[in-house]
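In: Quick one: sequence and predicted model below, then my questions.
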Amino acid sequence: MIDDGAPHDPNTAPMAMNIARRPSPSRNTLARRGASPGLTGMIFGAVSQHWPEYAMEAFGLGLFMVSACAFGVLFEHPHSPVRQALPNPAARRILMGGAMGLTAIANTYSPWGQRSGAHLNPSITWTFFRLGKVEPWDAVFYCVAQFVGAVSGVFLARVVLMGLPAHPAVEYVATKPGPNGTGVAFAGELIISFLLMSIVLRVSNTASLARFTGLFAGVLVAVYISVEAPLSGMSMNPARTLGSALAANAWDSLWIYFTAPPLGMLLAGEVYLRFRGRRNVFCAKLHHDNTKRCIFRCNYRELGA
């Protein structure tokens, strides 16, 4: 059931929400029913049923990248009045962190973020897949959409901002290791990714805090950009890094951002499993307290029951 923005009948909404949040049949379920969809059928089924969520993931990360480039120009371009008024790079990083943290929060609580779950990051999607909350083909197409969204967002920003993000002072907000080298950058990305995913899992699976998951994540993004960015450039997101790298032709040390964030988040997932167990992962959405449909293996209604 696709949410069309129409008002919900209070007498039928609970039943509709329950149907909407029922996950798509898995391969084992189809097998028990005597069906054999085959690879092509499974791919077509995933795309035909869940393409709106894939598109929303692409749109959300694309919007994030447009925002990153716009604020990058505002705070770092030499001709920007803000850059001229604030010569202190630490002060500009704090402002950039606040801007991007608010962008992340807005994405999470937006209509598209509420529906897709606002992963906007392959590392988050694959961690929830590992935790048993995301169907395999949904994980694949979420990641494809995230990469497409990141690349499209940067190139859209270049057009809208008339090439200003290409200036060397901005360089399409590319994520690069700081002066301490690749080892420090790798460690920084690993640690911040581990901490972000650990907090997301803890907060989103606590009944009294679940609705604030997006706020926690956004505040962490703001703090990381303000404090950690000089070490690694602060990515946590392979798709976000590729979007900037492709436009800036900045391929040095790309391996860091394709390995450290997924490793850090998957490690956080493993730690959560060891201490809390798989049954205490209720859904893969960052914000679930809404009426939007859920395509994941969802048992959010059991949270706090």
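Out: Perfect, I can see it now. Residues are numbered from 1 along each chain as shown.
In: which helix is the longest one in this structure?
Out: Under DSSP state H, the helix in the chain containing the largest number of residues is helix 38-76.
In: got the end-to-end distance for stretch 266-285?
Out: From its first residue to its last, stretch 266-285 covers 17 Å (CA to CA, to the nearest Å).
In: And the pLDDT for Leu39?
Out: pLDDT recorded at Leu39 is 88.
In: Is there a neighbour count for it? I'd like the number.
Out: Neighbourhood size, Leu39 [other CB atoms under 10 Å]: 8. In this view, the C-beta of every residue, glycine as well, is placed from N, C-alpha and C.
In: ok, back up a step: what are the buried residues along the longest helix of the chain?
Out: 42, 45-46, 50, 53-54, 56-76 (16 or more other CB atoms under 10 Å).
In: ok now it, how far from the chain's centre?
Out: The gap between where helix 38-76 is centred and where its chain is centred comes out at 10 Å by CA atoms, centre = their mean, to the nearest Å.
In: What is that helix packed up against?
Out: Where contact means 3 or more CB pairs under 8 Å, 6 or more residues apart in numbering; DSSP states H and E, helix 38-76 is packed against helix 81-85, helix 89-109, helix 111-116, helix 136-160, helix 238-248.
In: Next, the angle helix 89-109 makes with that helix.
Out: For helix 38-76 and helix 89-109, the angle between their directions (axes from the mean of the first three to the mean of the last three CA atoms, to 10 degrees) works out to 140 degrees.
In: Start at 40, not 1
Out: Got it, first residue is 40 now, which makes that one helix 77-115.
In: Report the angle between helix 77-115 and helix 277-287.
Out: Orientation of helix 77-115 against helix 277-287 (the same axes, to 10 degrees) gives an angle of 60 degrees.
In: OK, contacts around the nearest residue to Ala249 once chain neighbours are set aside?
Out: Taking CB to CB, 6 or more residues apart in numbering, and ignoring the residues beside it in sequence, Ala249 has Ser243 as its nearest neighbour in space, at 5.3 Å. Residues touching Ser243, when contacts are defined by CB atoms under 8 Å, 6 or more residues apart in numbering, comprise Ala249, Thr252, Phe321, Cys322, Lys324, Leu325, His327.
In: What are the contacting residues of stretch 143-160?
Out: 42, 91-93, 95-96, 98-100, 102-103, 164, 167, 181, 185, 188, 252-254, 256-257, 260, 275-279, 300, 322-326, 329, 331-333, 335.
In: How is Pro207 assigned, secondary-structure-wise?
Out: Counting by DSSP: H, G, I helix; E, B strand; the rest coil, the backbone at Pro207 sits in coil.
In: Measure how buried it is and give me the count.
Out: Pro207 is flanked by 9 other residues according to other CB under 10 Å.
In: Name all residues that make contact with it.
Out: Pro207 sits in contact with no residue, where contact means CB under 8 Å, 6+ apart.
In: and if you look at Tyr263?
Out: Counting by CB under 8 Å, 6+ apart, Tyr263 touches Gly136, Ile231, Leu235, Met273, Met275.
In: burial measure for the third one, as a count.
Out: Leu235 is surrounded by 23 other residues when neighbours are defined as other CB under 10 Å.
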